[in-house]
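S.K.: Curious how this folds, go ahead:
(one chain, ligands or ions: 2)
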Amino acid sequence: MNLPSNHKALLTKAIKDKALQMGFDACGIAKAEKVDTGHTLIYEQWLENKHHGQMHYMANHRDKRNDPTLLVPGSQSIISLAINYHLKDFQNPQSHYKVSQYAAGKDYHPVLKEKLYHLLAFIQKQTPVSGPRVFTDSAPVMERYWAQKAGLGAPGKNTCLILPRKGSYFFLAEIVVDVELEYDTPFEKDLCGKCTRCMDACPTRAIAAPGKLDARRCISYLTIELKEDIPPPLSSNTQQYIFGCDICQQVCPHNIKFAVPCSEPAFEPLPAIKEWSRETWEQMDKSTYRKNFVKTRSAFPRASFGKLKANMGLKPE
Ligand code: SF4
Ligand code: SF4
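M.R.: Ligands and ions are numbered 1, 2, ... in the order given. This is a model prediction of the structure:
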């Protein structure tokens, strides 16, 4: 749908203002069109190298991944959003076992979906859109690519999107609509320069080359996605992480300098994450797991109870 230019500018501004009011930290807009060939080839090579491991869904729907107008017929604009999840000192110092910041609170998928539908309802009130779709890590959408196209930031050597003067502790999400909006200038600047801190700090050498992550070696993949127990010698290098890993972001100068704690209450650490000592973690049975991580809608059920125990080096009873 093509709007008169003054209406297009007003709607674009209204969407961005509303997104920030709702607690998103950044919002940019890109034209929905085919992904650049160079980027597609890099992704194809990553799959060819089998760096996606058991995440077979990453190889599905390649045509739609490479062209959002096939994923959402009639789409014209991709509204790209980012929201901070950074937490500081959020675990009991006696916990021994570590959990990534992104998994300390409620599972972000439903939290973000709710916000996206809220923002979409706002857009629908301004102008009728047909067949819009919302995404957050939930479909074949190249999230970081579109965020960069929408001017939000640039991917670092650890592959996380760095937002200038904000850091990289952000969840990304998108709304795809059939309305033409004003588009942002893609973010072209390299934010890493000569820095290699993330590559040097990764305990499993998962960053095979700048911007190339071998997920099969990444602690996030090994503790969540890998169905089997973590094989040696990787199992002895997980640095006590039992769900996710933050190391390559913790050492990033952009986070050290700019990251601020998140303000979204749903991402605040759950009581068990804040309080549990090593002993409590090791005594966790199915009933305490359900009470503390399933009923509280945490992200932990993405791995099973047995997988969590195995990540601690324990056998489930
Ligand atoms: S998340 Fe952890 S294991 Fe994965 S690349 Fe970063 S430092 Fe390495
Ligand atoms: S640690 Fe350095 S190389 Fe890695 S993402 Fe941050 S700035 Fe880039």
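S.K.: Buried ones in stretch 294-306, by neighbour count?
M.R.: Neighbour-count burial for stretch 294-306 flags Thr296, Arg297, Ser298, Ala299, Phe300, Ala303, Phe305 (criterion: 16 or more other CB atoms under 10 Å). C-betas here are computed from N, CA, C, even on glycine.
S.K.: no no, stretch 54-68
M.R.: For stretch 54-68, a neighbour-count test (16+ other CB under 10 Å) marks Met58, Ala59, Arg65, Asn66, Pro68 as buried.
S.K.: export the buried residues of stretch 294-306 to JSON lines and tack on distance to ligand 2, secondary structure and pLDDT?
M.R.: Putting the buried residues of stretch 294-306 into JSON lines (distance: CB to the nearest ligand atom, whole Å; DSSP: H, G, I helix; E, B strand; the rest coil; pLDDT from 0 to 100) gives the following:
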{"residue": "Thr296", "distance to ligand 2": "32", "secondary structure": "coil", "pLDDT": "97"}
{"residue": "Arg297", "distance to ligand 2": "31", "secondary structure": "coil", "pLDDT": "96"}
{"residue": "Ser298", "distance to ligand 2": "27", "secondary structure": "strand", "pLDDT": "97"}
{"residue": "Ala299", "distance to ligand 2": "23", "secondary structure": "coil", "pLDDT": "96"}
{"residue": "Phe300", "distance to ligand 2": "27", "secondary structure": "helix", "pLDDT": "95"}
{"residue": "Ala303", "distance to ligand 2": "26", "secondary structure": "coil", "pLDDT": "91"}
{"residue": "Phe305", "distance to ligand 2": "34", "secondary structure": "helix", "pLDDT": "95"}
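S.K.: which of those lies closest to Ala82?
M.R.: Checking the buried residues of stretch 294-306 against Ala82 with CB to CB, the nearest one is Ala299 at 18.2 Å.
S.K.: Tell me where the stretch 151-300 of the chain has strands.
M.R.: Using DSSP state E, counting those that start in this stretch, the strands of the stretch 151-300 of the chain run over 154-155, 161-162, 170-177, 207-209, 212-213, 241-243.
S.K.: same question, the stretch 1-150 of the chain
M.R.: Under DSSP E, counting those that start in this stretch, the stretch 1-150 of the chain gives strands at 26-31, 77-84, 98-99, 133-135.
S.K.: Pipe those strands into CSV and attach distance to ligand 1 and mean neighbour count per row.
M.R.: Compiled in CSV, the strands of the stretch 1-150 of the chain are given as follows (distance: least, CB to the nearest ligand atom, whole Å; neighbours: other CB atoms under 10 Å):
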stretch, distance to ligand 1, mean neighbour count
strand 26-31, 22, 22
strand 77-84, 18, 26
strand 98-99, 11, 24
strand 133-135, 22, 20
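S.K.: shaky segments in the chain?
M.R.: 316-317 (pLDDT under 70).
S.K.: and Trp46, what is it in contact with?
M.R.: His52, Lys212 (CB atoms under 8 Å, 6 or more residues apart in numbering).
S.K.: So for whichever residue of the stretch 1-150 of the chain sits closest to ligand 2, what's the nearest residue that isn't a sequence neighbour?
M.R.: With CB to the nearest ligand atom, the shortest gap between the stretch 1-150 of the chain and ligand 2 falls at Arg144, namely 12.3 Å. Nearest residue to Arg144, sequence neighbours excluded (CB to CB, 6 or more residues apart in numbering): Leu161, at 4.7 Å.
S.K.: My guess is that neighbour contacts Leu172. True?
M.R.: Yes: here Leu161 reaches Leu172: they are 6.6 Å apart, a contact under CB atoms under 8 Å.
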